[in-house]
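Trainee: quick one, what's the 3D model for this:
(one chain, ligands or ions: 1)
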Amino acid sequence: MFAVVTIRSLNVAQKRAVIFVQQDEFDYIIVGAGSAGCVLADRLSRSGKYKVLLLESGGSDARFWIKVPIGYAINYANPALNWGFHTVADKGLAGRSVYWPRGKVIGGSSSINAMTYVRGLAHDFEDWAQAGALGFEWDEVLKVYERLETHAEMTTNGNRQIRGRGRVWVSDLSDQMSPFSQTFLDAAAEMKLPVIKDLNAPNSDGIGFYRSTVKNGYRWSSADAFLRPAKRRGNLMIVKHAHADRLHFDGERVTGLQYARKGHVVTVTAQREVIVSAGAINSPKLLQLSGFGPAKLLAQYGIKVMRDLPQVGRGLQDHLAIGYQFRANRATLNAVLGSPLGRLRMGAKYLLTRKGPLSVPVNQVGGFVRSNNARTVPDIQLYFNPASYEVSGSGKTQLDRQSGYLISAQPCRPTSRGYVEIVSPSPNDAPRIVPNSLSTEADKETAVRGARILQQFAKTQSLKAVTIDAKPPDLNALDDAALLRDFQSRASTVYHPTCTCRIGWSAQKSVLDARLRVHGVAGLRVVDASAFPNITSGNTNAPTMMLAMKAADYILEDADKVLKEWTT
Ligand SMILES: Cc1cc2nc3c(=O)[nH]c(=O)nc-3n(C[C@H](O)[C@H](O)[C@H](O)COP(=O)(O)OP(=O)(O)OC[C@H]3O[C@@H](n4cnc5c(N)ncnc54)[C@H](O)[C@@H]3O)c2cc1C
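Mentor: Numbering: from 1, shown residues only. Okay, here's the model as predicted:
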């Protein structure tokens, strides 16, 4: 069946290219093949009963530097794989506009992230349930993680023990890490912090080796885990370089959408549901462009209001971290990867064995600690990396030639909230990102307490013994006021934007109900990191896949009900 489509907001060249476009019908349309979208595509197509369309703006993830774990530093700034957003000048960060990479490729941000696997802490999810996400209490979440994960753990005799049957490969890579990383654990023990084996075990605050989404020396993205096994199914259609521009709504329910591909606009229909999984920046953007958002904002750009949803785009939360670097008198990764010859040797080792420094992500040691005795739960996440480097304004990473290391602190649960909003009715314009960082006193205080913990680490005998001197600024020379100023002038995103279409009790205070349906809009869910009611304490990839797994249960449970609504 063919139809003519005209789109007001396309530029002239695109308008000319819009001719006859094919229309097609699916049960489910998923927008975005990222961490969440890949989980959904697999789960919804698995029974063979439903026809599923998965749209992805970016292209293939079959690239060497995506698969090699250390390639993270290269992809970080690659515009071919990355939306490369920038925030507005952020008042709380000394007026800086900060670079926010997001994956634009099959696998989404899970194809360009740093692969650290952290479930989040129990109270994060209890807070979700309190905020309205009933069904996401920690006990429930734990069951979903158990379905999701396979653990590859090192045993004391150096063998690998496999536990679990899930698709997400969570690897203990401590045998491949830099020997220098043990120094961080020694420093933690000296500070009487618990040194623990598995940071993902329940109630485990302390320091240990991070686990990573790596399998047999390769990155193990959400696409590797979920899409690869599903992609040959006849009932799953994956369209790359397909950018969803606008949802279609018939006044009762969302009926499908239009997407742009190679200058053409294609209209597709969803018999059951459209699921937006475009990530915490692009999901609210797509909803707003489609008339689901704050009425005042939509009116400003002449967008017809389909449903006034004041919270679409609001509530943004992200993690910030501050890092301090030191020159070391022992070999760190700089010694092995800082020279062309070292890179050549380690490259050869990787190609022959899939082992060595190239097979391990950069975050090696870290964990969760309490910044003072008054804290009932850990409030700071720490990262320790056996490498020192410079990152340019455009995101290019350059390892120092001399050995060095980095210690870094990230407040777990910031209370500041920002927003994302469209700047025009055009799907081609990046939205405005306003993080409102450090806009609460509590966040400023936690930032200082986090840096204070780093000072304690820097003063341990274990670290002093391996340190030549501090790369500026000298952490130990800073008092509280200077630590705050330093945080404001240097802290950066940890790339965890969340909460911009959050779950909650009502349409006035949130966007989604507990089953991830958009309040008051039939046929539409948002399933990705934007649905978090609050940011979790740690890295956000694992909770995003967990949320998508649970959402898939809900979508499948509701499958017959939504079809009935559609046909009556
Ligand atoms: C550089 C970096 C490092 C990170 N490191 C870690 C880490 O070590 N550990 C961790 O746990 N988390 C990490 N994260 C965060 C984590 O990867 C994300 O929280 C998670 O991937 C978010 O998943 P998502 O499904 O919400 O969005 P994404 O995975 O970003 O997926 C969204 C997808 O939708 C596509 N899309 C967007 N708009 C459209 C449209 N209109 N039409 C069609 N497709 C569209 C995008 O191209 C993308 O593929 C990192 C992120 C980045 C960017």
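Trainee: name the residue of the stretch 301-450 of the chain that lies nearest to the ligand.
Mentor: residue 363 (6.3 Å; C-beta to the nearest ligand atom). Heads up, the C-betas are built off the backbone N, CA and C, glycines and all.
Trainee: that residue should be in a helix, yeah?
Mentor: No - Residue 363 is assigned coil when assessed by DSSP: H, G, I helix; E, B strand; the rest coil, not a helix.
Trainee: contacting residues around it?
Mentor: For residue 363, the contact set (C-beta atoms under 8 Å, 6 or more residues apart in numbering) comprises 114-116, 210, 212, 383, 385.
Trainee: which of those has the most neighbours?
Mentor: Counting neighbours by other C-beta atoms under 10 Å, residue 210 leads the contacts of residue 363 with 28 neighbours.
Trainee: what residues are up against residue 454?
Mentor: Residue 454 touches 322, 324, 382, 407-409, 475, counting by C-beta under 8 Å, 6+ apart.
Trainee: hmm, 10 Å instead?
Mentor: Applying C-beta atoms under 10 Å, 6 or more residues apart in numbering, one finds that residue 454 lies in contact with 322-324, 380, 382, 384, 407-409, 475-476, 483.
Trainee: so what's the residue of the chain at minimum distance from the ligand closest to, chain neighbours aside?
Mentor: Nearest residue of the chain to the ligand: residue 34, at 1.7 Å (C-beta to the nearest ligand atom). Leaving aside its chain neighbours, residue 34 sits nearest to residue 108 (2.1 Å; criterion: C-beta to C-beta, 6 or more residues apart in numbering).
Trainee: surely the one you found meets residue 41?
Mentor: No - if you go by C-beta atoms under 10 Å, residue 108 and residue 41 don't touch, sitting 11.7 Å apart.
Trainee: spell out which parts of the stretch 301-450 of the chain neighbour the ligand.
Mentor: For the stretch 301-450 of the chain, no residue is in contact with the ligand (C-beta under 6 Å from any ligand atom).
Trainee: 8 Å instead?
Mentor: 361, 363, 427 (C-beta under 8 Å from any ligand atom).
Trainee: helix, strand, or coil at residue 449?
Mentor: Judged by three-state DSSP, the three-state class of residue 449 is helix.
Trainee: ok so, going back, what sits opposite the nearest residue to the residue of the stretch 301-450 of the chain closest to the ligand once chain neighbours are set aside in the beta ladder?
Mentor: Among residues not flanking residue 363 along the chain, residue 116 sits closest, at 4.7 Å (C-beta to C-beta, 6+ apart). For residue 116, the beta-bridge partners are residue 212 (DSSP bridges).
Trainee: surely residue 116 meets residue 538?
Mentor: Yes - counting by C-beta under 10 Å, residue 116 touches residue 538, with 8.0 Å between them.
Trainee: shared neighbours of those two, anything?
Mentor: Looking at what touches both residue 116 and residue 538 (by C-beta under 10 Å, 6+ apart), the common residues are 199, 210, 366, 381, 494.
Trainee: which strands and helices sit next to the helix or strand where residue 384 lies?
Mentor: Using DSSP states H and E, residue 384 sits within strand 380-385. Strand 380-385 is packed against helix 182-190, strand 320-328, strand 365-369, strand 404-411, helix 441-458, with contacts defined by 3 or more C-beta pairs under 10 Å, 6 or more residues apart in numbering; DSSP states H and E.
Trainee: okay, now the sheet partners of it, with direction.
Mentor: Sheet partners assigned to strand 380-385 using DSSP bridges are listed as strand 365-369 (antiparallel), strand 404-411 (antiparallel).
Trainee: tell me the angle that strand makes with helix 441-458.
Mentor: 40 degrees (axes from the mean of the first three to the mean of the last three C-alpha atoms, to 10 degrees).
Trainee: adjacent strands (with direction) for the following helix or strand past strand 380-385?
Mentor: Counting by DSSP H and E, the next helix or strand C-terminal to strand 380-385 is strand 389-391. Looking at strand 389-391 with DSSP bridges, its partner strands are strand 397-399 (antiparallel).
Trainee: right, and the residue of the chain closest to the ligand touches residue 281 too?
Mentor: No - in this structure, residue 34 is not within contact of residue 281 by C-beta under 10 Å, at 11.3 Å.
Trainee: which neighbours do these two have in common?
Mentor: Common neighbours of residue 34 and residue 281, using C-beta under 10 Å, 6+ apart, are 102, 529.
Trainee: the more surrounded of those two?
Mentor: The residue with more neighbours, out of residue 34 and residue 281, is residue 34; 34 against 21, by other C-beta under 10 Å.
Trainee: who are the contact partners of that one?
Mentor: Counted by C-beta under 10 Å, 6+ apart, residue 34 has contacts 56, 58, 102-111, 221-223, 277-279, 282, 528-529, 541, 544-545, 548.
Trainee: over to residue 345?
Mentor: Contacts of residue 345 by C-beta under 10 Å, 6+ apart are 336-337, 339, 356.
Trainee: now these as JSON lines including neighbour count, pLDDT and secondary structure?
Mentor: Below are the contacts of residue 345 laid out as JSON lines (neighbours: other C-beta atoms under 10 Å; pLDDT from 0 to 100; DSSP: H, G, I helix; E, B strand; the rest coil):
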{"residue": "336", "neighbour count": "22", "pLDDT": "91", "secondary structure": "helix"}
{"residue": "337", "neighbour count": "22", "pLDDT": "90", "secondary structure": "helix"}
{"residue": "339", "neighbour count": "13", "pLDDT": "87", "secondary structure": "coil"}
{"residue": "356", "neighbour count": "20", "pLDDT": "92", "secondary structure": "coil"}
